[in-house]
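Trainee: test case, fold it:
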Amino acid sequence: MIDKGKIKVGSKPLDDYLVSAAVMFNQGISKLTIKGWGDSISKAVALYNALKDRMGDAIELKDVRIGSEEIKGRLISYIEIDVERIY
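Mentor: I've put the predicted structure just below:
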C-alpha cells in the first residue's frame, strides 16, 4: 500500500483535482496532502470540502499547516491539508 500522495492545487478546474484524489485513494494511498499557494489557497480548501462532501466519514482531517516560503525571490503563503482515508 502506498502511504502518502500529494496534490498541488493550481489553475486546473476543481473537478480535475477531485478525480486525482479519487484515483489515488483507489490505488491504495491512505494519506493525501493537498497544498495550495497564494490565490490557490481557497481552491485547496474547496477541494478538501468537496472530498468531505463526497466521501463523508470515509476521510478524516489529520492536520492543517499554513506558512510562507520563498519562491523565485518572493514570499508566497501556502496551506497544506493532510487527509486520511478511513477503511
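
Trainee: just the terminal-to-terminal distance for stretch 30-48.
Mentor: End-to-end distance for stretch 30-48, by C-alpha to C-alpha, to the nearest Å: 15 Å.

Trainee: please work out the average pLDDT along it.
Mentor: Average pLDDT, stretch 30-48: 95.

Trainee: what comes up buried for that stretch?
Mentor: Of all the residues in stretch 30-48, those buried under the rule 16 or more other C-beta atoms under 10 Å are 30, 32-37, 40-41, 43-48. C-beta: built from backbone N, CA, C; applies to glycine.

Trainee: all strands of the protein, in order?
Mentor: Along the chain, counting by DSSP state E, strands occupy 4-9, 31-37, 59-71, 74-85.

Trainee: same question for the shortest one: list its buried residues.
Mentor: When you say that, I think you mean strand 4-9. So for strand 4-9, counting by 16+ other C-beta under 10 Å, buried means 5, 7, 9.
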